[in-house]
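A.B. asks: Predicted model and sequence below, questions to follow.
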There are 2 protein chains.
Amino acid sequence: MRRAPLTRERVLAAALELADAGGLESLSMRKVATALGVEAMSLYNHVANKEDLVDGLVDLVFAEIDLPVPGAPDWKGEMRRRAVSVREVLNRHRWAVGLMESRMRPGPANLRSHNAVMGCLREAGFAFRAAVHASSLLDAYIYGFALQEASLPFDTAQDHAEVVEAKQAAVPDLTPFPYLVEVFTEMARAGYDYATEFAFGLDLILGALERAQTK
Amino acid sequence: MRRAPLTRERVLAAALELADAGGLESLSMRKVATALGVEAMSLYNHVANKEDLVDGLVDLVFAEIDLPVPGAPDWKGEMRRRAVSVREVLNRHRWAVGLMESRMRPGPANLRSHNAVMGCLREAGFAFRAAVHASSLLDAYIYGFALQEASLPFDTAQDHAEVVEAKQAAVPDLTPFPYLVEVFTEMARAGYDYATEFAFGLDLILGALERAQTK
DNA sequence: TTGACAACCTTACGGCGTAAGCGTACCTTA
DNA sequence: TAAGGTACGCTTACGCCGTAAGGTTGTCAA
């Protein structure tokens, strides 16, 4: 009667679906088991514990990232494409933002990703330390931006104006903060395009890195 | 016999100490209560629930940040000082990194902080949209950098080399990733100075923002 | 003196991760 | 074919968690 035997892959797939739907806090061993028509303790035949399960999830997320190609002629284009991909992936898996760089046991996709980034920069002529600087700076920006995006209330992410208004409504008196008043009114009026905002910062950083390299 | 009456401030102070010591996952209502010589349910006379308590903690963290002064002559200096302060504060309170921008009920220190940043940029001559760009970019970098720092295992943060070696030991075969080999060996050899790394990216961003403004 | 209210308490519920160990179905090897 | 091992799903149980419900006690106003 059991459709398919339980495997690590099936466990991870069910857990990924749960995490995407309700965030990390709604991911429990019991719920994953229920989704698979199985008891919680059965999962432990395929993952060591919850941390191992999360390690597996994070590597699935890494595997979705579009990698830069070391040696490609246009390193800025490669890094931009990869950065945009990371933002997209982390938007699909918001719960993952804080976990990507915290794994003590990096999975294969994780290693492949960091290797490709360093490779692309080194082959583009960056000295070792400069490549470390560049990848650290880029990743900080990308993860920081994704963090801010992921911090919005889960469902209403596309409607920034609503969130702004809700936040404003929770504040008793805004008159001591004139510059914030401007932000609130302007955001509610003209909205806020995350993709454009992300691209602005990304291109500014890539341009500055290029200038710093060829200087 | 009870030394002092329980207050919201005393509850928050005890919770802050617990969170700093053991991270968010070691912060429970029962432990906070025990630390105060009180039962868990007594806390609910002073905080609405755990989320309200965390909201209070985050605002305490915001209050520790050194604010930029709107109208000061050297806006880059102001923003740099504030950025360095944010990094220091988030290093003292690593658990807070992912929570700073996710509060649906921003506290007074939170509002004051964002108001000061926008004010400093607007008074320095940034147009409204440019100021939003700049503060978004800077915060993304700062939080992203803090996130990477906070993601290290809790105690050994000062000894980067150890962490790198432990991570490397958890990987079976590194030969498919030549650029990572370089990173691992070089990091173990020469170490990694987070403060320097942070300053590099920060100055690069501030310089690029200045160029974009006066262009 | 009375009665309201605030602050702290006990008890209890449903959920969590996971340690310990049971039953069974299959595979190997003699 | 029989024996024994192993893999895999199961039940039970423990000590945590947040918090709803409601009891007790001390203080202060009328």
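C.D. replies: Everything's here; your move. Residues are numbered from 1 along each chain as shown, chains lettered A, B, ... in the order given.

A.B. asks: make it CA atoms for all contacts and neighbour counts henceforth
C.D. replies: OK.

A.B. asks: Now for A:Ser26: which residues touch it?
C.D. replies: When contacts are counted by C-alpha atoms under 8 Å, 6 or more residues apart in numbering or on different chains, A:Ser26 touches A:18-19.

A.B. asks: how close does it sit to chain B?
C.D. replies: 15 Å (C-alpha to the nearest C-alpha, to the nearest Å).

A.B. asks: burial count for A:Ser85?
C.D. replies: The number of residues packed around A:Ser85, counting by other C-alpha atoms under 10 Å in any protein chain shown, is 16.

A.B. asks: all helices of chain A, in order?
C.D. replies: Residue ranges of the helices in chain A, as given by DSSP state H, are A:8-22, A:29-35, A:50-63, A:75-92, A:108-123, A:128-150, A:160-169, A:178-190, A:194-214.

A.B. asks: Adding mean pLDDT and distance to B:Val86 as columns, could you present those in CSV?
C.D. replies: Shown next, in CSV, are the helices of chain A (pLDDT from 0 to 100; distance: least, C-alpha to C-alpha, whole Å):
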stretch, mean pLDDT, distance to B:Val86
helix A:8-22, 97, 30
helix A:29-35, 97, 36
helix A:50-63, 97, 28
helix A:75-92, 98, 24
helix A:108-123, 97, 27
helix A:128-150, 95, 13
helix A:160-169, 66, 22
helix A:178-190, 88, 19
helix A:194-214, 95, 20
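
A.B. asks: Using a markdown table, lay out these together with distance to B:Leu27.
C.D. replies: As requested, the helices of chain A are exported to a markdown table (distance: least, C-alpha to C-alpha, whole Å):
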| stretch | distance to B:Leu27 |
| --- | --- |
| helix A:8-22 | 22 |
| helix A:29-35 | 21 |
| helix A:50-63 | 19 |
| helix A:75-92 | 27 |
| helix A:108-123 | 30 |
| helix A:128-150 | 22 |
| helix A:160-169 | 26 |
| helix A:178-190 | 32 |
| helix A:194-214 | 33 |
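
A.B. asks: winner for burial among those helices?
C.D. replies: For those, average neighbour numbers computed from mean count of other C-alpha atoms under 10 Å in any protein chain shown are highest in helix A:128-150, which has a mean of 22.

A.B. asks: and it, does that touch chain B?
C.D. replies: Yes. Taking C-alpha under 8 Å from any C-alpha of the partner chain as the criterion, helix A:128-150 and chain B are in contact, through A:133, A:136-137, A:139-145, A:147-148.

A.B. asks: and that helix, what does it pack onto?
C.D. replies: If you count contacts as 3 or more C-alpha pairs under 8 Å, 6 or more residues apart in numbering or on different chains; DSSP states H and E, helix A:128-150 packs onto helix A:75-92, helix A:108-123, helix A:194-214, helix B:128-150, helix B:194-214.

A.B. asks: Identify all contacting residues around the third one.
C.D. replies: Where contact means C-alpha under 8 Å, 6+ apart, the residues beyond helix A:194-214 that reach it are A:76, A:80, A:126, A:130, A:134, A:138, A:141, A:145, A:149, B:133, B:136-137, B:204-205, B:208-209.

A.B. asks: what do you get if the cut-off is 7 Å, keeping everything else the same?
C.D. replies: By C-alpha atoms under 7 Å, 6 or more residues apart in numbering or on different chains, the surrounding residues in contact with helix A:194-214 are A:76, A:126, A:134, B:133, B:137, B:204-205, B:208.

A.B. asks: list the contacts for the residue in chain A that chain B sits nearest to?
C.D. replies: When distances are taken as C-alpha to the nearest C-alpha, chain A approaches chain B most closely through A:Gly144, which lies 3.6 Å from it. The contact partners of A:Gly144, by C-alpha under 7 Å, 6+ apart, come to B:140-141, B:143-144.

A.B. asks: what about 8 Å?
C.D. replies: For A:Gly144, the contacting residues are B:139-145, B:147, by C-alpha under 8 Å, 6+ apart.

A.B. asks: among those residues, which two are most distant?
C.D. replies: Across the contacts of A:Gly144, the two members that end up farthest from each other (C-alpha to C-alpha) are B:Asp139 and B:Leu147, 11.7 Å apart.

A.B. asks: got the CA coordinates for stretch A:200-215 in CSV?
C.D. replies: Listed in CSV are the C-alpha atoms of stretch A:200-215, where the atom choice follows Å, rounded to 0.1, in the frame of the first residue of the first chain:
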residue,chain,number,x,y,z
PHE,A,200,20.8,50.0,-8.3
GLY,A,201,23.0,48.8,-5.4
LEU,A,202,24.3,45.9,-7.3
ASP,A,203,25.5,47.9,-10.3
LEU,A,204,26.9,50.6,-8.0
ILE,A,205,29.0,47.9,-6.2
LEU,A,206,30.1,46.1,-9.3
GLY,A,207,31.2,49.4,-10.8
ALA,A,208,33.1,50.4,-7.7
LEU,A,209,34.8,46.9,-7.6
GLU,A,210,35.8,47.3,-11.3
ARG,A,211,37.3,50.8,-10.6
ALA,A,212,39.1,49.5,-7.5
GLN,A,213,40.6,46.6,-9.6
THR,A,214,41.8,48.5,-12.6
LYS,A,215,43.0,51.5,-10.6
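
A.B. asks: centre of the chain versus that stretch, how much separation?
C.D. replies: Centre-to-centre, stretch A:200-215 and its host chain are 22 Å apart (C-alpha atoms, centre = their mean, to the nearest Å).

A.B. asks: swap in stretch A:186-203?
C.D. replies: Stretch A:186-203 sits 18 Å away from the centroid of its parent chain (C-alpha atoms, centre = their mean).
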